[in-house]
Structure formats: structure tokens, C-alpha cells
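1. for reference, the sequence and a predicted model appear below.
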Amino acid sequence: MKKAAVIGDLESIYGFENLGFEIFAISDFNEAINTIKRLVLSDSYAIIYITEFLASAISDELKAYEEKIYPAIIPILGINNNTGIGTANMQRFVEKAVGSNIL
């Protein structure tokens, strides 16, 4: 069975552990890139949530995983420094799925 992970600053992600997610508290961008590579290579994760701020900071590296089915890497809101990337991506996915922007 594939697992779910959450990557970001500890303040934003610690609550996900109580929901059964594996959390990875990140202190710098290089650590985030290395953690994502490690999780993808492990082939154990179906979904990786990452805080918006972190996702926007390493967006070039995340592009390499956009076409992969597993794991899906999805930006989520953090406590601070939200960028709107999660909402923009969701609008794009919905528009692609239904043919128009219904949000």
C-alpha cells in the first residue's frame, strides 16, 4: 500500500502526523529537493503534499515530476508565506478535467 507524505515547515505540517501522514519538516530548500528525490525513488508514496511557499521556491525541480502519475506532488497552504500556487493549480486541473473553469 502506498503512503502519503507532507513536506514543509514544522509549524505548518505537524498536525498531519495525527492523520496518518508521514511528515518531513524541512529547514532549507536543498533539504526539500533531496527529500522529494528520496521519496520518489523509494516508490512508496502515492501522494506528496508540499507547502506552497516551499513548492514555489523549488518549482523548477518539481517540474520534473509533473508528468508522473505517482507520486502526485500537490501544494497545500502553510501557516505563512502562501503564494496562491495551490489554488492556481487546482483551477488548472479542474479546467483540464471539465473543459472550463468552474471555480
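-> Arrived safely, thanks for sending.
2. now do the strands in the protein.
-> Secondary structure of the chain (DSSP state E): strands at 3-8, 22-25, 45-51, 72-76.
3. if you count contacts, what does the shortest one end up packed against?
-> Okay, so that is strand 22-25. Helices and strands touching strand 22-25, by 3 or more CB pairs under 8 Å, 6 or more residues apart in numbering; DSSP states H and E, are strand 3-8, helix 10-13. (Glycine included, C-beta is placed from N, CA and C.)
4. buried set for the last one?
-> To tie it back to what came earlier, the one meant is helix 10-13. Neighbour-count burial for helix 10-13, counted by 16 or more other CB atoms under 10 Å, picks out 12, 13.
5. now that helix: average pLDDT?
-> The average pLDDT within helix 10-13 is 93.
6. what do you get for stretch 20-38?
-> For stretch 20-38, mean pLDDT is 95.
7. chain center to that stretch: distance?
-> Mean C-alpha position of stretch 20-38 versus that of the full chain (CA atoms, centre = their mean, to the nearest Å) differs by 10 Å.
8. contacts for that stretch, please.
-> 3-10, 13-14, 16-17, 39, 48-50, 54, 57-58, 61-62, 65, 73 (CB atoms under 8 Å, 6 or more residues apart in numbering).
9. all helices for the chain, in order.
-> If DSSP state H is used as the criterion, the helices of the chain fall at 10-13, 29-42, 52-57, 59-62, 85-98.
10. how many neighbours does residue 18 have?
-> 8 (other CB atoms under 10 Å).
11. use 213 as the first number from now on
-> Shifting the count to begin at 213 puts that one at residue 230.
12. same question for stretch 274-292, mean pLDDT?
-> Confidence for stretch 274-292, expressed as mean pLDDT, is 85.
13. in it, which residues are buried?
-> Within stretch 274-292, the residues that qualify as buried are 274, 283, 285, 286, 287, 288, 289, 290, counting by 16+ other CB under 10 Å.
14. I'd say the fourth one and residue 263 touch.
-> No: judged on CB atoms under 8 Å, residue 286 makes no contact with residue 263 at a distance of 10.7 Å.
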